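J.: No letters, just coordinates:
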Ligand code: ADP
Ligand code: DAR
């Protein structure tokens with residue numbers, strides 16, 4: 001019987017698998033045993049069964065990522081809603097036994113037989129204005145995420161990757177013209193006062209997100225990170241935050257057609273210069289599985305003082321229309337004075353057109369119910 005620690009036979013793990021006696025497997029087993037004792041409502045907690053864990057614990061992607069890289073954020077943050085991220089593009093396939101049930105549950109009605117449809121922006125002019133009288137909607141924003149082909153995802157990027165990708169993105173954006181013309185601002189060169197003002201004004205991403213930190217997505221910060229925006233700040237691009245790129249169109253008021261039309265024009269222009277990563281089943285690839293597919297989050301900041309008096313009922317109604325309620329400072333924040341961030345929850349299994357219409361129809365219903373409660 002060979003000594004497990006020294007035996008050469010144990011050292012030869014199969015490609016794509018760790019040796020069961022590998023120290024990393026032992027650490028995973030200890031972490032899973034501790035996680036079993038913790039109460040959590042995350043989809044990770046629900047779907048990482050002992051059987052799934054045992055199936056995946058020795059798997060390794062072609063970038064060297066393990067199950068720990070996938071689940072560590074959810075292990076460290078039991079209050080996660082999801083609790084897992086893809087450390088590289090290959091992870092969605094290698095750890096599909098865990099990703100698939102989480103993805104199919106989060107994206108509602110996306111079943112194991114479904115494949116994300118081809119891109120279809122639809123006709124932006126058909127969306128109209130959500131609130132022409134300006135009674136409820138303060139501002140409208142639509143964002144999509146893009147991973148750049150040939151680059152790994154956050155946890156497997158080197159500092160050189162971040163800097164090289166930032167230069168590639170900056171070069172592509174600096175060639176934009178007309179309404180999309182703008183300037184790139186690197187976080188490395190940005191003074192803290194300007195940075196905080198941009199965050200407070202809802203333009204720039206926050207720093208130090210604990211979920212991303214635990215997922216190893218904030219390494220080498222702020223190297224390679226930054227923001228591009230046009231003079232009006234109606235078209236913006238986040239560089240190397242959670243995803244390689246977040247392309248954002250936003251403006252005051254509820255003119256959904258205007259915001260969506262600008263985003264479609266921008267993404268169409270940028271994809272002439274940068275090749276985006278797509279998965280054969282999940283559409284456009286993102287770091288978090290909640291953003292796969294169209295990667296679109298179309299949101300309004302809107303006043304619902306009556307509806308939100310009963311917050312549980314408010315979120316129940318929103319869920320009926322596949323809408324998500326967030327606070328006014330982004331994810332994991334609270335509403336302020338009856339103002340909330342209302343957006344589509346589903347991004348996968350629908351076309352771009354269907355996703356934005358789902359948000360439009362849901363928001364119009366919330367406005368109708370708010371008017372009824374106000375006795376309009
Ligand atoms: P993402 O939308 O990229 O998932 P967040 O939910 O964290 O990220 O929002 C990012 C920023 O965008 C936050 O400052 C948030 O307040 C702002 N934001 C989101 N939707 C709107 C909107 N409709 N109008 C104005 N700002 C918005
Ligand atoms: N905080 C993580 C991510 C949820 C989705 N939001 C993203 N990707 N920004 C969670 O599991 O709650």
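T.: Looks like it came in fine. Owing to the predicted nature of the structure, the values given are computational and were not obtained by experimental measurement. Ligands and ions are numbered 1, 2, ... in the order given.
J.: Over to residue 142: give its phi and psi.
T.: Main-chain torsions, residue 142, degrees, to the nearest 10: phi -130, psi 130.
J.: Ligand 2 contacts on the stretch 151-300 of the chain?
T.: Residues of the stretch 151-300 of the chain lying near ligand 2 by CB under 6 Å from any ligand atom: 211, 242, 288, 290, 291. All C-beta spots, glycine's among them, are computed from the backbone N, C-alpha and C.
J.: and residue 304, how far is that from residue 346?
T.: From residue 304 across to residue 346, the span is 21 Å (CB to CB, to the nearest Å).
J.: how far out from the middle of the chain is the helix ranked longest in the chain?
T.: Selection of the longest helix in the chain by residue count, based on DSSP state H, yields helix 352-373. Offset of helix 352-373 from its chain centre (CA atoms, centre = their mean, to the nearest Å): 22 Å.
J.: Any quick PyMOL command for the buried ones out of the residues of the stretch 151-300 of the chain next to ligand 2?
T.: Only the buried members of these enter the following PyMOL selection, criterion being 16 or more other CB atoms under 10 Å:
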select buried, resi 211+242+288+290+291
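J.: contacts for stretch 105-113?
T.: Stretch 105-113 has contacts (CB atoms under 8 Å, 6 or more residues apart in numbering) with 43, 46-47, 82, 100, 103-104, 289-290, 292-293, 322, 345-349.
J.: follow-up on the earlier one: determine which two of the residues of the stretch 151-300 of the chain next to ligand 2 are furthest apart.
T.: The largest distance within those, taken as CB to CB, falls between 211 and 291 and amounts to 13.1 Å.
J.: quick one: contacts for the residue nearest the centre of the chain?
T.: Nearest residue to the geometric centre of the chain (CA atoms, centre = their mean): residue 291, 4.1 Å. If you count contacts by CB under 8 Å, 6+ apart, residue 291 has them with 145, 243, 297, 347.
J.: list the contacts for the last one?
T.: Counting by CB under 8 Å, 6+ apart, residue 347 touches 107, 290, 291, 292, 293, 294, 295, 296, 297, 355.
J.: Give me the lowest-pLDDT entry from those.
T.: Least confident entry in the contacts of residue 347, by pLDDT: residue 107, with 90.
J.: need the residues of the chain near ligand 1, please.
T.: With CB under 6 Å from any ligand atom as the criterion, the chain meets ligand 1 at residues 139-141, 143, 202, 246, 250, 297, 299-301, 326, 328-331, 341.
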